[in-house]
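**Q** Pasting a predicted model and its sequence here:
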Amino acid sequence: MKLGIAGGVLAFTVVVALIVGYGSIFTVHQTRQAIVVRLGEPVRVVTKPGLNWKVPLIDSVILIDKRILDLDAPAQEVIANDQKRLVVDAFARYRIHDPLKFYQTVNNIEGANSRLATLMVSALRRVLGEADFIEVVRDQRPQLMQRIREQVDREAANVGIEVPDVRIRRADLPEQNSQAVYQRMQTERQREAAEFR
């Protein structure tokens, strides 16, 4: 009888030790970084991949992506310096370089996307508002994208994010303006054709 009770206690102790041991180990993959949070307060940041330890039942682990992430901003109507309206479609690439600041300010990827979209739209309006239509469409596009990227990167550093790239996918006239330009071109061609005839 004593051996049965001792065996049961030993089995229970082994099971509890396994559960506590399993609960105190976590793995950080190469594409991730982790923040160890103790009772809601960040304790440490783990950026190197591998096996790590935490206090079971007290600490929790928040995994944050280390890879370059995409942000597609919605198309925006921007007024250029020469008062022409443009519909600008842009996107950005970003990476989380300070996971603690990121966690404390925006908390997750959705919050970061929302904050970055706001920053990108305001930078687009500022930079493209100082340029003429031809500069945006043809002449100065790479330099304008560089200025936008620098502004967004500088402001995103406040939330622990680095922005290596911002691109303007397309910059067109609004649909109603495009139709008016097309109609004017068509009328001009018809007038020239009538003169030749």
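**A** Here it is on my side, so go on. These figures come from a predicted structure and were not determined experimentally.

**Q** Name the residues of stretch 105-118 that are buried.
**A** 106, 112-113, 115-117 (16 or more other CB atoms under 10 Å). The way it works is simple: take the backbone N, C-alpha and C, and place the C-beta from them, glycine included.

**Q** May I have the beta-bridge partners of the closest residue to V121 other than its chain neighbours?
**A** Nearest residue to V121, sequence neighbours excluded (CB to CB, 6 or more residues apart in numbering): Q76, at 5.6 Å. Beta bridges link Q76 to V88, judged by DSSP bridges.

**Q** Which secondary structure state does the closest residue to E135 other than its chain neighbours sit in?
**A** Sequence neighbours aside, L144 is the residue nearest to E135 in space, at 7.0 Å (criterion: CB to CB, 6+ apart). Recorded secondary structure, L144: helix (DSSP: H, G, I helix; E, B strand; the rest coil).

**Q** Who is the closest residue to F26 other than its chain neighbours paired with across the strands?
**A** Spatial nearest neighbour of F26, chain neighbours left out: V61 (4.9 Å); criterion: CB to CB, 6+ apart. Beta-bridge partners for V61, by DSSP bridges, are V36.

**Q** can you pull the contacts of V61?
**A** V61 makes contacts with 26, 34-37, 54, as judged by CB atoms under 8 Å, 6 or more residues apart in numbering.

**Q** Let me see the ranges of the helices in this structure.
**A** Under the criterion DSSP state H, the chain contains helices at 2-23, 99-105, 109-129, 133-134, 141-156, 175-196.

**Q** who touches the fourth one?
**A** Which is helix 133-134. Contacts of helix 133-134 (CB under 8 Å, 6+ apart): 80, 82, 84, 86.

**Q** Skipping adjacent residues, who's closest to the first one in space?
**A** Right, A80. Using CB to CB, 6+ apart, the nearest residue to A80 is F133, at 4.8 Å.

**Q** and the one you found, what pLDDT?
**A** Looking at F133, its pLDDT stands at 77.

**Q** which residue packs closest to V37, ignoring adjacent ones?
**A** The nearest residue in space to V37 (CB to CB, 6+ apart) is S60, at 5.1 Å.
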